[in-house]
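>>> sequence first, predicted model second:
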Amino acid sequence: MGKTGRIYRVAGPVVVAELEAGMYDVCKVGNEKLLGEVIQINGSRCTIQVYEDTTGIKPGEDVENTGRPFVVELGPGLLSSIYDGIQRPLHVLRSVTGDFITRGATAPGLDRKKKWEFRASVKPGAQVKGGDVIGTVRESETVMHKILVPPSSGGKIAGISDGSYTVVDVVGKLDNGTELKLMQLWPVRKPRPVTRKLLPDVPLITGQRVFDSLFPLAKGGVAAIPGPFGSGKTVTQQSLAKWSDADIVVYIGCGERGNEMTEVLTEFPEITDPRTEKPLMQRTILIANTSNMPVAAREASVYTGITLAEYYRDMGYGVALMADSTSRWAEAMREISSRLEEMPGEEGYPAYLSTRLSEFYERAGRAITLMGEEGSISVIGAVSPPGGDFSEPVTQNTLRVIKTFWALDAKLAQRKHFPSINWLNSYSLYLGSLEGWYEKNVAPDWSAMVGRTRSILQEEDKLLEIVQLVGSDSLPEKEQVTLLVARMFREFFLQQNAFHPVDTYSEPKKTYHIMKTILHFADLAKAALESGVRVQRVYSMKSKDRIAEVKFEKDYGQFLAAVDKDIEKEFESLK
Amino acid sequence: MKEYKTISRIAGPLIFVEKTEPVGYAELVRIALPNGEVKSGQVLDTSDDIVVVQVFEGTSAIDLNTGVKFLGENIKLPVSDDLLGRILNGAGKPIDGGPEIIPEEKVDITGAAINPYARANPSDFIQTGISTIDGTNTLVRGQKLPIFSASGLPHNEIAMQIARQAKVRGSEGGFAIVFAAMGITSEESQKFIAEFEETGALKRAVVFLNLADDPAVERLITPRMALTAAEYLAFRKEMHVLVILTDMTNYAESLREIGAARSEIPGRRGYPGYMYTDLAMLYERAGMIKGKKGSITQLPILTMPGDDITHPIPDLTGYITEGQITLSRELHSKGVFPPINILDSLSRLMNLGIGKGKTRDDHKQVSDQIFAFYAEGRDLRGLVAIVGEESLSERDKRLLKFAADFEAKFVRQGRNEDRDIEQTLGIGWKLLSELPESELTRISPELRKQHYGKH
C-alpha cells in the first residue's frame, strides 16, 4: 500500500514509471494525481494507462500506487446516476469543474452525505454468508435495494440495527469484526460470483415486433447489433433500453457522440416507465464516455457498467445492459495496445481482443445468485464494423460468442424501414429454447405463426430475384399474392415507429394478433385465387390496407376484429 | 529558460533531444536555427533520456547544433473580439497585414471535453437554403455534419453557399464563421476569401489558412486553433458559430506522417491507431451548452480517397459526426448542382430540428416518402438497363420518372438560390403529387388531404 515511484516517460495517455506495483493496480500519477492503471510491468518499470489528459506531466514527478485494482462503489444511489467511464458522477463533476471536464477532478461514485432508511431483515445471531441479504433500502420509488453481505465475507451477525445511514456508516457487524455498510467495493475486471448459471428459457420482451417474434433474445442472453453508420442502431438500442422488460437498465455510451449522449441524457429522465408510471430513470444507470473523453476511461467504462449490472443481478433482479458501442471499446484497446508497442493482431487490434470480448459477454447470463434467488443480465452489444464490413475482427469475434444477431441494414434505413433489421441475415439461437414460454404465455400457435411469417419473407427474397429478371407480372398468381403478403409483413408488421406514442411499444399479444391477421388474409387470398378470383382484385382490396393502421391503435383488439371482418366481407364480395 | 544543443537525431518532422531537464508532455518548443530563423514545435514523447519534438515548420535547415528551448507551457491561442475579420496562418499568426491580436486571454488549444451532462440538446433548425439539406438531411444548430466529397467535386462551393445562406429562422443575425483551411491550394483559399469579402461575411469571420505549400505538420494545430477561437466566440461571446474545416483528409495525412516518423505501429492503411480519438477530439468540439447562448456547428469537408466511403478517414469521421452529406460523382457529371446524393447522406439530428413549430408538421413524412420513392426509383434504373423500360409496371415507370424529376427539380438548384423551407417542401409535394395519392404510404391521410396536389 502507498508505494511511491517516479515517472520515467510520458507519451500520450501512456506513462512509464519506476514503481513497485502489481498488474492493474490503480495509481495516482504526477503532481496533479491523475488516475491511472498499471497495464504492463517490465522489470522495475511499469506502464500505466492514465484516465485523463497527460499534457504537461513531466518525467521525475511522483507516482503513488494505491495498491489495489480499479474498484467501483456499489450501494444505494447508483440508480438514476449518470457516470463517466470511471464512475465519476457527471453532474457532480460539472459543479466542480464547470461545463468542460478538466483533469484531476475527483468525485466519489456514491454520495457520501445522503442518508438512506435502512431496514434490517436479519436479526443478531443469524448466520449469513457472502451475497446474503441483510436488509433493504428504498432506493427509488420503483426499486428496493437489497443490502448484501460482500461475496467474500460471512459469519454470524453480531449486531445490526434499522435507521438512517449514509453509505459509509456502519449498519451492523459480524462476529469476526467485519463491518457491514450500505456500500461495498468491487474490482471491475473481476466477475462477481454466482451459485450457478441457468439455461436461458425466458424471453426478454422488447416490445419491438421484429425482435420478439422473429429474433427473440432470452433473459440472460447476449445479442449483438452490428450496423454501418446511419443504419439506425442508436435509435434501436434506445427503444430497447426504454421498452425491454428488465428491472434495471444499464446503458453504457462508450465512445458515443456527445450530442447523441445528450439526447439519451435528456430523454431518459423524461421517459415514463410504462409498467410503473414513474420515471424510467428510477431504474436506470447511464454511463457516458463520449469519444473525446480519455481513451483509457473508455476502455474501463464497459467493465464499470457490467460490474454495476452484476451487483443488481446479485439482488435477484433482471438487468438489461446495452453497450454502445463495443467497437469503440475495441478501438480503445487497440489504441492503448499500439501505444504499448505490442505486436498487433488482425487489423492492428491486439491479439487478446477475442479473449477480452468473450470474457465480457460471458459475464451475462441468468443465474442463481449467492443468496439463492434468480437474477439475470442480458447484454446487447452494438458493433460498428468499418464500412459495414462484417468480416472485420470485432464483428467476427463477437459473432463467435453471441447467440442473437440483429443485422441492421443501411439499405433498409435508406428506405426508412425502421427498425432496419434485415430479416434474412439476422438470427436467434434462442428460438427453440423460448418456444415453450411463448406458447404458454402468448398463444399456443405462436411458433407456427412465426415460422410461416419467416418462410413468407424468405420466399419473397427468392421471388424478388426472379422479378428482377422478368418483372412481377409474369409470376404465377399465387406467387404474386406471396409478394403482396410479404410486403404487408414488411410495412404493417416489421416496420415500427419508435417516435409514435403507441407504435413505439408492441406487446407480444399485439405482435401475435397482427401476425395472425396478415396470415389470415393470406389464407383467404389463397382460397379466393383457387375459386377463380383474379390477383389484381386482391391487390386492389381496400380492407387489407387498414391493417397498416393497427400498429397505431392502442385498443388493437377491437380494431383488428373489425378489420378481420371487413377483410372477410370484401373477400366474400369478390366471389 | 535553458537552451539545449543536444539534438541527437532528426527524422522527417521530428527532432530528438537528449539530456534535458524534465520536460512536460505536449509542451511548446522554440527552436533557434544558426541562421537566425526561429521555428516552433511540440513535445510528443518525453522521458528521462530523450524528448521527441514535432517541428511545425518542418525540419529543413535544422542541424545538430540547433538550439532548443522548452517553454514550459502548451500551445495557446490569443483570443479577443479582435479575431473577427482577421486572416491568420495555420499557426494563428496574422497574415493579412493587420496588427497582432491583442489577447484578452490566451487559451490552450487542446480543448477539454464538454461534460455530456452540461450539453444542451441541439434542436434549432438551420435553414441552409439548399433543398437536399433542409428538406431531407436537415442541419441543426450544434451539429457536426461533414461533407463527404471526392476530388473534382464542388464541395467548397457548397460549403460557401451554406456559409452564406445559413440562418436560424426567427433569430436575429446569421452565424459567425470560423474557417480553417488545411492544405488547400492558394487558388481555392483566394476564392473563399474573395467570397467572404464580397458578401461582407469577413467582418464576422475568422480565417485560418494553412495552404498546400505550408508545413504539413502545422495542419495538426490549425483545426485546434480554429476550434479554440470558435469556443471563445460561442461560449464566451455568445455567438452562433459555424466552423468550416477543409480538407480533413489533409489533416489525417499529416497525422499519418507524424506517426510514420515516430515509427509507430500503423493501424488501418498506415493511419495511426489513435486517429479515431484524435478526430473525435476535434469533431466533438461542436455543440451547445446548457445555459449558454452561443453554439458551435461544424461543417468539416473531406475528400474520400478514390471515392471510397470505407476508407479510414470518412469511416472514422462518420462514426463521430452526426451524419454526413455525401456528394455524388454521377450527379455531378449529369450537371446537377449541388450533386448531393440524399440516399448516402444522413442527418442524425434531423428529427430534433424539424416538425411543427420548427419547420412544418409534414416535413418528416414528406422526407421519408421522398427517400423511399427515390431509393426505389434509382434501383429501377438498374433493372431498366437489363430489361428495358417497356416491361416495367406502371408504378415502376412512375417511380423512374419521379427519380429523374427529383434530381432535376429538387436536387438541382442555383448556386445563389436560397430556398426557404416552404419552397423546399412545396417542390417535394409537387413531385409527390405526380404519383397517385394512394401510393404515398408514408404520409398520413390528413396531411395528404392538406397538401396533395396543392403545390
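Noted; the coordinates are in hand.

>>> please make it C-alpha for all contacts and neighbour counts, starting now.
Noted.

>>> quick one: pLDDT of whichever residue of the stretch 201-350 of chain A sits closest to chain B?
Here the stretch 201-350 of chain A gets closest to chain B at one residue, residue A:292, 4.7 Å apart by CA to the nearest CA. At residue A:292, the model reports a pLDDT of 87.

>>> check residue A:269 too.
Value listed for residue A:269 in the pLDDT field: 81.

>>> SS state for the closest residue to it other than its chain neighbours?
What sits nearest to residue A:269 in space, not counting adjacent residues and going by CA to CA, 6 or more residues apart in numbering or on different chains, is residue A:281, at 5.4 Å. Three-state call for residue A:281 (DSSP: H, G, I helix; E, B strand; the rest coil): helix.

>>> quick one: the most centrally placed residue in chain B from residue B:178, how far?
By CA atoms, centre = their mean, chain B has its centre lying nearest to residue B:300, at 0.7 Å. Distance, residue B:300 to residue B:178, by CA to CA, to the nearest Å: 11 Å.

>>> overlap in contacts, these two.
B:243, B:244 (CA atoms under 8 Å, 6 or more residues apart in numbering or on different chains).

>>> residues touching the residue nearest to residue A:269, list them.
By CA under 8 Å, 6+ apart, residue A:281 lies in contact with A:79, A:80, A:268, A:269, A:271.

>>> can you say which of these are buried?
Among the contacts of residue A:281, those classed as buried by 16 or more other CA atoms under 10 Å in any protein chain shown are A:79, A:80, A:268.

>>> take those residues and write them to TSV, including distance to chain B and secondary structure.
Output for the buried ones among the contacts of residue A:281, formatted as TSV (distance: CA to the nearest CA, whole Å; DSSP: H, G, I helix; E, B strand; the rest coil):
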residue	distance to chain B	secondary structure
A:79	16	coil
A:80	13	coil
A:268	12	helix
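
>>> average pLDDT for the biggest helix by length in chain B?
As assigned by DSSP state H, the longest helix anywhere in chain B is helix B:363-387. Regarding helix B:363-387, the rounded mean pLDDT is 91.

>>> other residues contacting it?
A:414-416, A:468-470, B:135-136, B:342-343, B:351, B:354-355, B:392, B:396, B:399-403, B:406, B:425, B:428-429, B:432, B:440-444.

>>> would you pull up how far that helix lies from the middle of the chain?
Chain-centre distance of helix B:363-387: 28 Å, with CA atoms, centre = their mean, to the nearest Å.

>>> which residues belonging to the helix or strand following it are considered buried?
Going down the chain from helix B:363-387, the next helix or strand is helix B:394-405, by DSSP states H and E. Neighbour-count burial for helix B:394-405 flags B:396, B:397, B:398, B:399, B:400, B:401, B:402, B:403, B:405 (criterion: 16+ other CA under 10 Å).

>>> look up the closest residue to the fourth one, ignoring the ones flanking it.
I take that to be residue B:399. residue B:377 (4.9 Å).

>>> so how far is residue B:134 from the one you found?
Counting by CA to CA - residue B:377 and residue B:134 are separated by 21 Å.

>>> domain ranges for the chain?
Since no chain was named, I'll use chain A. Chain A is divided into the following domains under automatic domain parsing: A:4-69, A:196-429, A:446-574.

>>> was after chain B, sorry
Split by automatic domain parsing, chain B gives B:3-74, B:77-352, B:363-451.

>>> now the second one: average pLDDT?
What domain B:77-352 shows for mean pLDDT is 91.

>>> again, but for the first one
What domain B:3-74 shows for mean pLDDT is 91.

>>> check stretch A:31-40 too.
90.

>>> now it, how far from the centre of its chain.
29 Å.

>>> ok now do the residue in the stretch 401-550 of chain A that chain B sits nearest to, which residues does it touch?
Of all residues in the stretch 401-550 of chain A, residue A:415 sits closest to chain B, at 4.6 Å by CA to the nearest CA. Contact analysis of residue A:415 by CA under 8 Å, 6+ apart lists B:368, B:371, B:372, B:375.

>>> for residue A:557, see how far away the residue of the stretch 351-455 of chain B found nearest chain A is.
Residue of the stretch 351-455 of chain B nearest chain A, by CA to the nearest CA: residue B:372 (4.6 Å). Residue B:372 sits 30 Å away from residue A:557, going by CA to CA.

>>> looking at those two, which one has more neighbours?
residue B:372 (22 against 15; other CA atoms under 10 Å in any protein chain shown).

>>> tell me how far the more buried one lies from residue A:411.
10 Å.

>>> same check, this time on residue A:566
Counting by CA to CA - residue A:566 and residue A:411 are separated by 35 Å.

>>> could you check the angle the lengthiest helix in chain A makes with helix B:363-387?
Taking DSSP H as the criterion, chain A has its longest helix at helix A:446-470. Helix A:446-470 and helix B:363-387 are oriented at 50 degrees to each other (axes from the mean of the first three to the mean of the last three CA atoms, to 10 degrees).
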